[in-house]
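Peer 1: Structure for this input, please:
(chains A and B)
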Amino acid sequence: MSFKIASSPHQRISRSTAQIMRIVTLACLPGIAVQAVLFGYGVLIQLLLAIVTAWLSEAAVLKLRGKAVLPSLKDNSALLTAVLLAISIPPYAPWWLVVIGTAFAIIIVKQLYGGLGNNLFNPAMAAYVLLLISFPLQMTQWLPPLSLQSVSLTPLDALCTVFSQYSCSGFSLSQLQSSIDGITMATPLDTLRTDLNRGLTLDESLQKPVFYGFAGAGWLWVNLAYLAGGLLLLQQKIISWRIPLAILSSLFVLSSIASLASSDTVAGPLFHLFSGGTMLAAFFIATDPVSASTTNKGRLLYGGLIGLLVFLIRNFGGYPDAYAFAVLLANMVVPLIDYYTRPRTYGHRPRSELK
Amino acid sequence: MPSLFQQIQAGVIWDFHGGVHPPPRKQQTSQKPVAVMPLPDRLYIPLRQHIGVAGQLLVKPGDQVLKGQPLTAADNSMAVPVHAPTSGIVRAIMPHTSPHPSALPELTLLLEPDGLEQWRPREPLNFATSDKMTLLNRIQDSGIAGMGGAGFPTHLKSGVTQPVDYLIINAVECEPYISADDLLMQEAATTIVKGIDILCRLLNPKAVLIGIEDDKPIAAAAMMAACNQRENYLVRTVPTKYPSGGEKQLIQLLTNKEVPNGRRPVDIGIVMQNVGTAFAIAQAVLDDQPLLSRIVTVAGDTLSQPQNVLALLGTPVSALLDFCGFQPESSQRVIMGGPMMGFALADLSVPVVKTTNCILAPSAQELPADTKEMPCIRCSSCADACPASLLPQQLLWYSKAKDTNKLAEYNLADCIECGACAYVCPSEIPLVQYYRVAKAEIREQQREALKAEQAKARFEARNARLEREKQQRAERNQQLAAARQQQQLASGASDAVADALARIKARQAQQTDGAAGPDKAVIQAEREQKKQQAREYQQQKAAANTEPAAQPASDADSKAAAVAAAVARAKAKKAADSVKTDDAISPATATDKPAADSSTTDPRQAAIAAAIARAKAKKAGATEVATSPAPEISTADTSTTDPRKAAVAAALARAKAKKAAGHATSPEPATDAAAAEQAIEDPRKAAIAAAIARAKAKKQADSENS
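Peer 2: Numbers count the residues shown, from 1 in each chain, chains lettered A, B, ... in the order given. All right, here's what the predicted structure looks like:
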């Protein structure tokens, strides 16, 4: 009888890459649920569009590259990219926006760099930036939370809006953005930026209903939901604590100092931590292993850099939120960070002593 | 701040980076006593079972051997012998699949046990009274090599001369499934401690640290009980984590020291021995029982009775598995060693050797086979698991790219191939396999580079040598020339003497040249003569060839005609010669005198000129002889200077005279004479004339016949 020959080790941990991707996707669910409940069903339609586009793009490119299609689709990496992009864009953005973005993420950013594991940039964030600078209007049409909306949207309305930019009853998207008293509202970060530019003080701006709560109505809950998902990932040891902690603490420290120094123009640390995409980015986006730093020290640097960039762009740059830019810029620095933060090998002297 | 030793004494345990926690699965075997296996039918004893070289073979096929009898003898320090595990007959010594990942055949002794278990005479030592050398020799002669897996000769590790602070006894046994050392400690703790006593006598350490993983409480308790009389024997339990049992990792756990890169533990005052080795040392020294058997964990879900077995070295794996109730599945894997570092066997006739601690026959469900390798997603779980703090994902990248410089920069050489990285890899990349291949390639490259370097060095050395020799030669020549010059300068005063010497030398040279001259002339004359004879012979032959046709008509007539023709030819030629030489004679005699004149300035030239003159004179003489016998005197006259030449000339003259006489007696046709007359001018023409004459004679003969 013949015996099977294999290389050691003969035993493996049972968690596969596909499982990791699936768990990360599942950990997004609380956040998605909160988004759907507080901001309407648009996000679900976007998710569906993104996932279908991702699978089709991935299959098409793999076919062109002469690779097996099914194993790659089964690794859930395209699924995760689609989910991350869909939950990042405005829920009632036109359907083609998410289709273009997802196709770009999968085809250009991921597959043209060599497929899974070889992309330099985070695909979802690269696509987000592409959409933001190509279609700035559509990418900033966020609706206020349902509680502040003048017109309530049914699931069917959501579908109509995504595909025609008008609800079934004929409201345009800009009409939907208006609150009951007729003031157009966007995200708290956007509103605050506009108000500060108009010369209002922070306190004056925060009187607006969109800032209900300390981080903006609805956004606090969304961030808390993603924080919960992120803690699950930490508990499952799917992500390391270093990147999220570095992002959150650098953002916290910088905004604390800045708000103490200039309390009229800079929002406090808690506002920064729980508004916009902070928790989503810290736990789900920046921790994408392929494009993030791989060394322990490097991860702290990488996270710290993202926090710094977000702080700078939010407060001094041209965009209300900045995770996509921050993550892409940090992605570029990753090879450098990794090279200079190699750990000391057992039995070797530290590199600093060698010089 | 307490010192390191104080911390160790206080029971501090440190930690090492990384490590993994695979399910231990030791309960299968650790709760049962060690089974003793019946004698197998055949024992396959590889002659080399350790790291090093095989000993010299002492037996031959057909020999009867006793239990414990050495089969090989260690003839150098890197060799340890192997012994007959039981009494029996050596059936063959042949290549057999080796218990090695390569499965390459290695020289193996096939022993057929006779079942008598007859021991050779034994001489136990009293280790307290024996000196170190005796103990080390006993350890080597008993064939003991590291039983933890590496198989390094124990006598080398125990005979180090550097000071040793800590002797670490490795009883960690961190690989899943394996419980061989656990059982050994449970059953033979006292013997192990005796072995440690012997090691202490050899190494004289400050303290003995016995490292045991905390999942072996019974073994740890047994060891503690056995050590309780010895104050500096410290039993330390370390947390269960793979690979705590690695030499470097255990050193870090117990002493917080790192073995510097490229050095050995003894360089930092540490020697580590496996607990099984300590047991074998005790047996070898105290009972004179060489290493004949070892405890092997036989485990896996395809066995009905997984257990630890005391197996003789050489027992085939198949016999061991059958003893434990092996029921193989389809595409069954059998692994020698543990699931993390063991290697799969292709052939179950492979024997148990000194380093075999486990035979694993898992079911497919228990240890699922590899599925498809996926791309690396750089999750760096591998880096978190690496006990050497390497970056496995970077190493994978550079291994695939065959970038040996980068591999060196990322310290591939420090990889201990523990498999922790591949164990945690979610993409199921066989990382260790990539590293092994890369390491082999680097070794090969280094070997090639070394070869090229040696060749280059050889070439350069040769060039340098040639250049050196050339210079030496030039120098020597220069020195000689300088010396000569100096000598000449120095001898400038005694010019008169030198001149006289030169004159004498010149005279001597002249004389010797003169003696040689006549000889040359003689040789030349002889050569001329031979040539002439050859020409005559050929002409005669030509004549003889054309004549036979005329022969039947009138033999006597034609023969006579032929002879006449030949004589005529000879005459014609001689005449021609004489004509030529006559022409030449006058200038030759004319030059004779100036040559003789010049000879006063140069003796050599003079000699040559004289020789030429003589030769010419001779030729002239010869022609004179040919025309008439009278001028004999004249030739004698010309050769008065040389009696030999004169004799030769005389002889020639005589011969010619004889021929002339013969010619006078023979009848001479008129045509012949005419032809001869014509031929005076040209010997060739003479030949043609002779042929014509012959043809005419033939016709005449023909016409006479008809």
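
Peer 1: residues touching the closest residue to chain A within the stretch 51-200 of chain B, list them.
Peer 2: Closest residue of the stretch 51-200 of chain B to chain A, C-beta to the nearest C-beta: residue B:176 (6.7 Å). C-betas here are computed from N, CA, C, even on glycine. Shown in contact with residue B:176 (C-beta atoms under 8 Å, 6 or more residues apart in numbering or on different chains): A:11, B:22, B:23, B:24, B:25, B:26, B:242, B:338, B:339, B:340.

Peer 1: Pick the one among the residues you listed closest to residue B:274.
Peer 2: residue B:338 (14.2 Å; C-beta to C-beta).

Peer 1: Counting neighbours, which bits of the helix or strand hosting residue A:309 end up buried?
Peer 2: Assessed by DSSP states H and E, residue A:309 sits inside helix A:296-316. By 16 or more other C-beta atoms under 10 Å in any protein chain shown, the buried positions in helix A:296-316 come out as A:298-311, A:313-315.

Peer 1: ok, now stretch B:52-70?
Peer 2: B:52, B:53, B:54, B:55, B:59, B:65, B:66, B:67, B:68, B:69, B:70.

Peer 1: just stretch B:138-146 next, same as before
Peer 2: Buried residues in stretch B:138-146 (16+ other C-beta under 10 Å): B:138, B:139, B:140, B:141, B:142, B:143, B:144, B:145, B:146.

Peer 1: ok, now which ones touch the second one?
Peer 2: Residues counted as contacts of residue B:139 (C-beta under 8 Å, 6+ apart) are B:154, B:155, B:158, B:281, B:284, B:285.

Peer 1: ok so, going back, report all helices and strands that the helix holding residue A:309 contacts.
Peer 2: Here helix A:296-316 touches helix A:242-261, helix A:323-340, going by 3 or more C-beta pairs under 8 Å, 6 or more residues apart in numbering or on different chains; DSSP states H and E.

Peer 1: any idea of the angle it forms with helix A:242-261?
Peer 2: If you take axes from the mean of the first three to the mean of the last three C-alpha atoms, to 10 degrees, helix A:296-316 sits at 40 degrees to helix A:242-261.

Peer 1: I'd say residue B:11 and residue B:237 touch.
Peer 2: No - counting by C-beta atoms under 8 Å, residue B:11 does not reach residue B:237; the two are 9.5 Å apart.

Peer 1: Looking at these two, which one has more neighbours?
Peer 2: Per other C-beta atoms under 10 Å in any protein chain shown, whichever of residue B:11 and residue B:237 has more neighbours is residue B:237, with 21 against 10.

Peer 1: What separation do you get for the more buried one and residue B:254?
Peer 2: 11 Å (C-beta to C-beta, to the nearest Å).

Peer 1: Name the residues contacting each of those two.
Peer 2: Residues touching both residue B:237 and residue B:254 (C-beta under 8 Å, 6+ apart): residue B:13.

Peer 1: about what we covered before: could I have the PyMOL command that selects the buried members from the contacts of residue B:176?
Peer 2: Buried members of the contacts of residue B:176, defined by 16+ other C-beta under 10 Å, are picked up in PyMOL with:
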select buried, (chain A and resi 11) or (chain B and resi 22+24+25+26+242+338+339+340)
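
Peer 1: how about TSV for the contacts of residue B:176, with pLDDT, distance to residue B:690 and secondary structure added?
Peer 2: Shown next, in TSV, are these (pLDDT from 0 to 100; distance: C-beta to C-beta, whole Å; DSSP: H, G, I helix; E, B strand; the rest coil):
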residue	pLDDT	distance to residue B:690	secondary structure
A:11	85	114	coil
B:22	93	118	coil
B:23	92	122	coil
B:24	90	123	coil
B:25	92	121	coil
B:26	93	122	coil
B:242	91	117	strand
B:338	92	112	coil
B:339	93	113	coil
B:340	93	112	coil
